[in-house]
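>>> Sequence unavailable; structure follows:
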DNA sequence: CGTTCGATGCACT
DNA sequence: GTGCATCGAACGT
């Protein structure tokens, strides 16, 4: 069953924790892709220096100020679309970044989309557990783009479902790839899961700062 | 094992 | 003009 709108209208850290083990589903004419969320990060309010809302309301971060339960998708490094779930009541700009999935459905479609990336030209197929490993890889594999910005997650073609999935032990750690706000351990992941990002050494160093 | 860096586009100052 | 909530290859030790 699809998670209701109210699921997202709660403290962001609770939402981040509870999103682990849930199923992200994207239905398109070319096929359906789905995966279990195994890694996420919380970005909480204007006081969080790493949150896009830290600079106050702008055109780009407007979705954060809107109602919870919608997607906030933005382009990062000119290359990667990042997908967040907007949380908390409207006016408190917060969201959860979806960082990694364990692929469940549409793996062939995911692999085709990943292979389409220019930098993968001439390289071998992506392993199953790497298809949705990392926020940029995840959106590419799932076919999530800027066109999905502001989409409702509780109905429509991009949805998050609950039900029956055991998440395993959760591990909290500093968020990845940011220069500020690293004192907060607002990244949550299934401990030891193969599809969790941050596997390379430079990431690990930043994590331990 | 470790660190560095290019690709690539746009919001923000 | 600057700086990214990244990815993955290249290179040093």
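On my side now, so go ahead. These numbers come from a predicted model, not from an experiment. Residues are numbered from 1 along each chain as shown, chains lettered A, B, ... in the order given.
>>> Give me the distance between residue A:22 and DNA strand C.
17 Å (Cβ to the nearest atom of the strand, to the nearest Å). From N, CA and C alone the C-beta is placed, and that goes for glycine too.
>>> Residue A:178 too?
For residue A:178, the distance to DNA strand C - Cβ to the nearest atom of the strand - is 4 Å.
>>> quick one, strands of chain A?
Under the criterion DSSP state E, chain A contains strands at A:23-28, A:31-44, A:71-76, A:80-86, A:94-105, A:158-161, A:170-173, A:187-190.
>>> what about the longest one, near DNA strand B?
Translated: strand A:31-44. No. Strand A:31-44 is not in contact with DNA strand B by Cβ under 7 Å from any atom of the strand; minimum separation 13.9 Å.
>>> buried stuff in that strand?
By neighbour count on 16 or more other Cβ atoms under 10 Å, the buried set for strand A:31-44 is A:33, A:34, A:35, A:36, A:37, A:38, A:39, A:40, A:41, A:42, A:43, A:44.
>>> Distance to residue A:139 and pLDDT for those - can I get that in a markdown table?
As requested, these are exported to a markdown table (distance: Cβ to Cβ, whole Å; pLDDT from 0 to 100):
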| residue | distance to residue A:139 | pLDDT |
| --- | --- | --- |
| A:33 | 11 | 98 |
| A:34 | 14 | 98 |
| A:35 | 12 | 97 |
| A:36 | 16 | 97 |
| A:37 | 13 | 97 |
| A:38 | 15 | 96 |
| A:39 | 14 | 97 |
| A:40 | 14 | 98 |
| A:41 | 14 | 98 |
| A:42 | 18 | 98 |
| A:43 | 16 | 98 |
| A:44 | 22 | 98 |
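>>> What about DNA strand C: which of the residues you listed touch it?
Checking the buried residues of strand A:31-44 against DNA strand C (Cβ under 7 Å from any atom of the strand), the matches are A:41, A:43.
>>> can you put the strands of chain A in TSV and add distance to residue A:2?
What follows is those, written out as TSV (distance: least, Cβ to Cβ, whole Å):
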stretch	distance to residue A:2
strand A:23-28	9
strand A:31-44	12
strand A:71-76	14
strand A:80-86	13
strand A:94-105	15
strand A:158-161	5
strand A:170-173	23
strand A:187-190	22
